[in-house]
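In: Sequence and predicted structure are below.
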Amino acid sequence: MNIDDIKTIGVLGGGVMGQGISQSAILAGYKVICRDLTEELAAKAKDSVANGRFGIAGGVQRGKLTQEQADQALALLTVTSKVEDLKNVDLLIEAIGGTPGVMEDKGMKLKVFGDMDKLVKKEAIFASNTSFFTIADLAAATTRKDRFIGMHFFSPASIMKGCEVIWTADILPEVIDLVMELGRRMGKLTVKVKDIPGDTGFVGNRIYRVLTLEALKIVQEGVATGEDVDNVMMTGFNWPAGPLGMGRGARGGWK
């Protein structure tokens, strides 16, 4: 098993993460089949990859891609609502969302992986884009624990360079190497991370959680405002955004 065995990548979920992963893969020259729940959602995902805020058309406008390169990439993308269309992919990346109000639903992921394990060819590699759940737990829903890995992209996946590759005790070493190289070909800086029990997240989220909690404590104690906390970290440590501003809109919203 080596990187050249990967010809077609399936992306399960056409939301923001699925769109970004699909875009990164087609720009790297891979055929991608992106599946969402309905034809309407699948078509929306394809349009977002082509014309969305972080889409391929913007890359052409900024001079990052030629129109020919853009057309060649988009020709590699198939969207579908039919889960059966994923049965022959060489690698399946799960990027499904959660239930309303829940970013990620472990029970849903376990069910989906169990179902996909029965459908997708046995030699295919499975990867989860989860940012939180223990990979070994998800792998246990399948019969391919030696070919099940975490591939945590950061959002928006078409722009952000980081990719945590989370390996379990059961994984084949060649699968780790293959996925690390795949991430690099998709333009990512891949980092190898050991899976641990407890659903504690991986490197990025574990560190970010601690930083955010301490920043909130400073605000709650009246030491400084949220905006001041963010400004200290941005000006003193050259962060592009402060711990309270990242992912929460305008920093001015913090008091």
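Out: Yep, it's here. Numbers count the residues shown, from 1 in each chain.
In: For the helix ranked longest in the chain, give me every contacting residue.
Out: Counting residues, the longest helix in the chain under DSSP state H turns out to be helix 203-220. Residues from elsewhere that reach helix 203-220, judged by Cβ atoms under 8 Å, 6 or more residues apart in numbering: 131-132, 152, 154, 162, 164, 191, 193, 200-201, 224-226, 229, 242-244, 246, 254-255. Glycine gets a C-beta too; all of them are placed from N, C-alpha and C.
In: change it to 10 Å
Out: Helix 203-220 has contacts (Cβ atoms under 10 Å, 6 or more residues apart in numbering) with 131-132, 152, 154, 162, 164, 166, 191, 193-194, 200-201, 223-230, 232-233, 239, 242-248, 254-255.
In: Buried residues, it. List them.
Out: Within helix 203-220, the residues that count as buried by 16 or more other Cβ atoms under 10 Å are 211-212, 215, 218-219.
In: I'd like the mean pLDDT over that helix, please.
Out: What helix 203-220 shows for mean pLDDT is 94.
In: Distance from the helix or strand following it to the middle of the chain?
Out: Using DSSP states H and E, the helix or strand that directly follows helix 203-220 along the chain is helix 226-236. Centroid separation between helix 226-236 and its chain, computed with Cα atoms, centre = their mean, to the nearest Å, is 28 Å.
In: Helix 226-236 to helix 203-220, inter-axis angle?
Out: 130 degrees (axes from the mean of the first three to the mean of the last three Cα atoms, to 10 degrees).
In: and helix 226-236, which residues are buried?
Out: 226-234.
In: repeat for stretch 62-76
Out: Quick answer for stretch 62-76 (16+ other Cβ under 10 Å): 65, 70, 73-74, 76.
In: How about stretch 167-187?
Out: 167-168, 171-172, 175-176, 178-180, 182-183, 185-186.
In: Redo those as JSON lines? Include secondary structure and pLDDT.
Out: As requested, the buried residues of stretch 167-187 are exported to JSON lines (DSSP: H, G, I helix; E, B strand; the rest coil; pLDDT from 0 to 100):
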{"residue": "Trp167", "secondary structure": "strand", "pLDDT": "98"}
{"residue": "Thr168", "secondary structure": "coil", "pLDDT": "98"}
{"residue": "Ile171", "secondary structure": "coil", "pLDDT": "98"}
{"residue": "Leu172", "secondary structure": "coil", "pLDDT": "98"}
{"residue": "Val175", "secondary structure": "helix", "pLDDT": "98"}
{"residue": "Ile176", "secondary structure": "helix", "pLDDT": "98"}
{"residue": "Leu178", "secondary structure": "helix", "pLDDT": "98"}
{"residue": "Val179", "secondary structure": "helix", "pLDDT": "98"}
{"residue": "Met180", "secondary structure": "helix", "pLDDT": "98"}
{"residue": "Leu182", "secondary structure": "helix", "pLDDT": "98"}
{"residue": "Gly183", "secondary structure": "helix", "pLDDT": "98"}
{"residue": "Arg185", "secondary structure": "helix", "pLDDT": "97"}
{"residue": "Met186", "secondary structure": "coil", "pLDDT": "97"}
